[in-house]
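here are the coordinates; sequence isn't available:
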């Protein structure tokens, strides 16, 4: 079936106005000063908070 009325360009673009991608918010790791996502473990040193540090396994390249 076809639409009953044509939807204008302005109405379509107004609806899609909030569909833009938002920038990723990075924070700095206090131990190694690399960028990491907030509330996650650091990918380089495994730091989460002062009480928790995860042990990361190193991958070997062949």
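Yep, it's here. From a predicted model like this one, the values you see are computed outputs, not experimental measurements.

switch to C-alpha atoms for all contacts and neighbour counts from now on
OK.

Helix, strand or coil: sort out the residue nearest the centre of the chain for me.
Centre of the chain computed as the mean C-alpha position; nearest residue by CA atoms, centre = their mean is residue 24, 4.7 Å away. Residue 24 falls in the coil class when you classify it by DSSP: H, G, I helix; E, B strand; the rest coil.

List the buried residues of stretch 18-31.
Within stretch 18-31, the residues that qualify as buried by neighbour count (16 or more other CA atoms under 10 Å) are residue 29.

pLDDT averaged over that stretch, what's the number?
pLDDT averaged over stretch 18-31 equals 90, rounded to a whole number.

burial count for residue 45?
Burial measure for residue 45: 16 neighbouring residues, criterion other CA atoms under 10 Å.

Next one: it from residue 32, what distance?
To residue 32, residue 45 is 7 Å away according to CA to CA, to the nearest Å.

List the residue ranges of the chain that fall below the pLDDT cut-off.
53, 58-62 (pLDDT under 70).

now the strands: where do they sit in it?
Chain-ordered strands for the chain, with DSSP state E as the definition, fall at 27-28, 35-36, 47-49, 52-53.

quick one, which of these is packed in tightest?
When you average the neighbours per residue for each of the strands of the chain (mean count of other CA atoms under 10 Å), strand 47-49 leads with a mean of 18.

Centre of the chain to that one, how far?
Strand 47-49 sits 18 Å away from the centroid of its parent chain (CA atoms, centre = their mean, to the nearest Å).

same thing with stretch 35-50?
The offset between the C-alpha centroid of stretch 35-50 and the centroid of the whole chain comes to 14 Å, using CA atoms, centre = their mean.

cool, stretch 18-36 as well?
Per CA atoms, centre = their mean, the centroid offset for stretch 18-36 relative to its chain is 7 Å.

Endpoints of that stretch, how far apart?
The first and last residues of stretch 18-36 sit 26 Å apart, counting by CA to CA.

cool, stretch 9-29 as well?
The first and last residues of stretch 9-29 sit 45 Å apart, counting by CA to CA.

got the contact list for it?
Surrounding stretch 9-29, the residues in contact under the criterion CA atoms under 8 Å, 6 or more residues apart in numbering are 34-38, 42, 47.

Residues touching stretch 44-58, excluding its own?
The list of residues contacting stretch 44-58 from outside it, by CA under 8 Å, 6+ apart, reads 29, 31-32, 34, 39-42.

Before I go, just wanted to say thanks for your time.
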